[in-house]
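In: no sequence for this one, just the structure:
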Ligand code: HEM
């Protein structure tokens, strides 16, 4: 008997079998909410970049020719897709692949994989400073989701 049939036949109606077969994905709704709060405060993306630039001497030269008003909009959308992708969205897959290619070894903005932890640290520090409802647990959740993203980029390097 397949699991669904077995759950339908569960005369106790306990629901326990259904829970066992629920999808294992995390929707990261708490991060989407945290991200909205951060964006509402203003200057959130700029805060990430200012920390990021100070975090490693190899980083500022990578952005030497960057138009930051355009870049901020791109990253703003990028983080949104990254959260959706970490939450298992198939729709975000194509956007993530495009970003991974931009940052891959042959891309327009190649990123050495060893720099990604500085990006994650800068983002989490900016959230801690900006989200009025920040908790250390929420910071861990952000780290977990963004490490999914950076692992994906590194996997496509
Ligand atoms: C060590 C980490 C990273 C570094 C050093 C880095 C660096 C860069 C650079 C130099 C550019 C090109 C800017 C230009 O056009 O002048 C860029 C573009 C971009 N980055 Fe990153 N990046 C990093 C991580 C990330 C992550 C994790 C995301 C997504 C969550 C991301 C999203 C984007 C997007 C969306 C663009 C614009 C792409 C486009 O114009 O088509 N980056 N990045």
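Out: Cool, got the structure. Quantities reported herein were computed from a predicted structural model and do not represent experimental measurements.

In: isn't residue 78 right up against residue 99?
Out: Yes - when contacts are counted by C-beta atoms under 8 Å, residue 78 is listed as touching residue 99 (5.8 Å). Backbone N, C-alpha and C define where each C-beta goes, glycine included.

In: the more surrounded of the two?
Out: Ranked by neighbour count (other C-beta atoms under 10 Å), residue 78 and residue 99 place residue 99 first, with 23 against 18.

In: Can you tell me the SS state at that one?
Out: helix (DSSP: H, G, I helix; E, B strand; the rest coil).

In: and what of residue 66?
Out: Secondary structure assignment for residue 66 (three-state DSSP): coil.

In: gap between it and the ligand?
Out: 3 Å (C-beta to the nearest ligand atom, to the nearest Å).

In: Over to residue 50?
Out: 14 Å.

In: how deep is that residue tucked in, by neighbour count?
Out: Using other C-beta under 10 Å, residue 50 has 13 neighbouring residues.

In: Model confidence score at residue 22, please.
Out: As predicted, residue 22 sits at a pLDDT of 45.

In: Over to the one 3 residues further on?
Out: The predicted local confidence for residue 25 comes out at a pLDDT of 74.

In: before we move on, what about the one 3 residues further on?
Out: According to the predicted model, the pLDDT of residue 28 comes to 95.

In: isn't it right up against residue 138?
Out: No - contact criterion C-beta under 8 Å: residue 28 and residue 138 do not qualify, at 10.9 Å.

In: All set now, cheers.
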